[in-house]
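# Let me see the structure of the following:
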Amino acid sequence: MIAVNGEELEIDKITAQDLIKQLGYENQRIALEVNETIIPRSKYADFDLNEGDVCEIIKAVGGG
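Here you go, the predicted structure:
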């Protein structure tokens, strides 16, 4: 189990990139924080998520 934006999600071993794809955030402007650390987009494919991780996905919104 991991927490994503406050909701528990049961996962097998996946990468951050897999999570983003599974949740439908591909090709969107987002920031990913895992355990209070921002993960650079360039690291998503190599960043393994583990049992108990707390993730926050923040979607960028344009405006002025």
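
# And the helices in this protein?
16-22 (DSSP state H).

# which residues touch the most centrally placed residue in the chain?
By C-alpha atoms, centre = their mean, the chain has its centre lying nearest to L32, at 4.7 Å. Applying C-beta atoms under 8 Å, 6 or more residues apart in numbering, we find L32 in contact with 16, 20, 38-39, 41, 44, 55-58. The C-beta positions use only the backbone N, C-alpha and C, and glycine is treated the same way.

# Based on its surroundings, how many neighbours for the closest residue to it other than its chain neighbours?
The shortest distance from L32 to any non-neighbouring residue, by C-beta to C-beta, 6 or more residues apart in numbering, is to I39 (4.8 Å). By other C-beta atoms under 10 Å, 17 other residues sit near I39.

# I'd guessed I39 sits against A16; true?
Yes. With contact defined as C-beta atoms under 8 Å, I39 counts as touching A16 (5.7 Å).

# List the residues that are in contact with both of the two.
Joint contacts of I39 and A16 (C-beta under 8 Å, 6+ apart) are 32, 47.

# the strands in this protein, which residues?
2-4, 7-9, 30-34, 37-39, 54-59 (DSSP state E).
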